[in-house]
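**Q** My questions are about this predicted structure, shown below with the sequence.
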Amino acid sequence: MAKNQMKLIDQYQRLLPASLSQRYGGSGPYTMAQVERTMEHLRLDRTCIYYAYLMYCEKAALDPEIFTDQAVANMSQDIDAASMPGAGVGPLASLFGIDGFAGDGGCDGGGAGGGGE
């Protein structure tokens, strides 16, 4: 996964939980509309919005044609990798063949369409 995508997932993990909780109460899960509105409020890039949906929305509300078992597994690995400090970052990562992510290089999670629109 590209550094930009890693950065976006990291932003979603750092910024969304507190803002979602403040805006809508509790610790979730939240609706896709609540996640979208919060991302707009925070002016977050929505390129990887499907990752935010997976992290913060009710699993039953996610489109099963987009969020297939394989896509969810790939996206979950990407999310875990983005949580690791320094995952796939820096010159040594490429030297040792480490990219830090299990996905296919895009924010589509191995089957999701990307923009969430």
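**A** Done, it's in. Predicted, not measured: the structure shown is a model, and the values here were computed from it. Residues are numbered from 1 along each chain as shown.

**Q** From now on I want contacts and neighbour counts done on CA atoms only, so please keep to that.
**A** Fine.

**Q** Which SSE is immediately downstream of the longest helix along the chain?
**A** For the chain, the longest helix by residue count, based on DSSP state H, is helix 3-24. Using DSSP states H and E, the next helix or strand after helix 3-24 towards the C-terminus is helix 32-42.

**Q** Show me what that next one is packed against.
**A** In this structure, helix 32-42 makes packing contacts with helix 3-24, helix 49-56, judged by 3 or more CA pairs under 8 Å, 6 or more residues apart in numbering; DSSP states H and E.

**Q** winner for burial among the ones you listed?
**A** Counting by mean count of other CA atoms under 10 Å, helix 49-56 has the highest mean neighbour count of the helices and strands packed on helix 32-42, with a mean of 23.

**Q** Show me what the helix or strand following that one is packed up against.
**A** The helix or strand immediately downstream of helix 49-56 is helix 69-83, counting by DSSP H and E. Applying 3+ CA pairs under 8 Å, 6+ apart, we find helix 69-83 packed against helix 3-24, helix 49-56.

**Q** now helix 69-83: how far from the chain's centre is it?
**A** Centre-to-centre, helix 69-83 and its host chain are 8 Å apart (CA atoms, centre = their mean, to the nearest Å).

**Q** swap in stretch 44-58?
**A** The mean C-alpha position of stretch 44-58 is separated from the chain mean by 5 Å, CA atoms, centre = their mean.

**Q** Also stretch 6-20?
**A** That offset, for stretch 6-20, works out to 8 Å (CA atoms, centre = their mean).

**Q** likewise stretch 68-79?
**A** The answer for stretch 68-79 is 10 Å, by CA atoms, centre = their mean.

**Q** Pull out the buried residues from that stretch.
**A** T68, A71, V72, A73, N74, M75, S76, Q77, D78, I79 (16 or more other CA atoms under 10 Å).
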